[in-house]
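**Student:** predicted structure and sequence below. I'll ask about it afterward.
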Amino acid sequence: MDPLIEKLKIAISGTLPGQLAHQEMSPLKRPSGDFPERSIARLSAVAVVITSVNEVPSIILTQRHEYEGAHSGQISFPGGKKEENDLDLEFTARRECHEEIGIELNPKSLIGSLTEVYIPVSKFIVQPYLYFQLTTDTMTLNEREVREVIHFPIKELQSEDSKSTMDVRAREGLIYRNVPCFRTGEKEIWGATALILNELRHLLTV
């Protein structure tokens, strides 16, 4: 695990591959980098947590409940909007991680920040922060927000076999065909989460 984390620390300190990585997995060629929507967007942050599950380096993901909303049932990282009392977005990521799945991240576990992502449907700018937390045994789910925790092995993420496409049904009844996604087991991961995962995948190949 130590060589993996050291590799990521070095890679994340250089030029991030965000725009290229995002475009590869973008469902609708969403804006990346500087975009005009910035002035009306809301700020949020997510915690991309690498941990060890049965000695297998894995990424922690969560699946939402089904509900009447834009992100119903989707798989995401622990995270949410920046609250007025949050010190900064990195604090937001750690606070939301604790509130959603009960993991209290030590600030020293931060590896670095990834490239921000804009989500047009909810008008959020999402700032991802990458952490390494070896022990996550005290995980407690917020049952109102989280239906399930998913552990995505890093070796699977690095495999070309994990990349696929899927059809996505939008709220207005439209069906978007051949949307890029990652698959782990029976789970399909698309949208902003797939964009962020793909940047991490690029960093792992540096």
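**Tutor:** Arrived safely, thanks for sending.
**Student:** so where's this protein uncertain?
**Tutor:** 29-37, 66-72, 171-172 (pLDDT under 70).
**Student:** all helices of it, in order?
**Tutor:** With DSSP state H as the criterion, the chain has helices at 2-12, 18-25, 89-101, 154-158, 192-204.
**Student:** right, and those helices - which one's nearest Tyr118?
**Tutor:** Proximity to Tyr118 (C-beta to C-beta) singles out helix 192-204 among these, at 8.4 Å. (Glycine included, C-beta is placed from N, CA and C.)
**Student:** so what touches the closest one?
**Tutor:** Contacts to helix 192-204, defined as C-beta atoms under 8 Å, 6 or more residues apart in numbering, come from residues 4, 7-8, 11-12, 16-18, 20-22, 24-26, 46, 48, 59, 61, 74-77, 114-115, 117, 119, 126, 128, 130, 152, 154, 157-158, 180-182, 189.
**Student:** filter those to the buried ones?
**Tutor:** Neighbour-count burial (16 or more other C-beta atoms under 10 Å) applied to the contacts of helix 192-204 gives 8, 11-12, 16-18, 21-22, 24-26, 46, 48, 59, 61, 74-77, 114-115, 117, 119, 126, 128, 130, 152, 154, 157, 180-182, 189.
**Student:** how long is stretch 105-118 end to end?
**Tutor:** Criterion C-alpha to C-alpha, to the nearest Å; first-to-last residue distance in stretch 105-118 is 25 Å.
**Student:** please apply the same query to stretch 82-92.
**Tutor:** End residues of stretch 82-92 are separated by 6 Å (C-alpha to C-alpha).
**Student:** and that stretch, how far out from the chain middle?
**Tutor:** Relative to its parent chain, stretch 82-92 has a centroid offset of 18 Å by C-alpha atoms, centre = their mean, to the nearest Å.
**Student:** can you mark which positions in that stretch are buried?
**Tutor:** Across stretch 82-92, burial judged by 16+ other C-beta under 10 Å covers Lys82, Asp86, Leu89, Glu90, Phe91, Thr92.
**Student:** with stretch 99-113 instead?
**Tutor:** Neighbour counts over stretch 99-113 (16+ other C-beta under 10 Å) mark Glu100, Ile101, Gly102, Ile103, Leu105, Ser109, Leu110, Ile111, Ser113 as buried.
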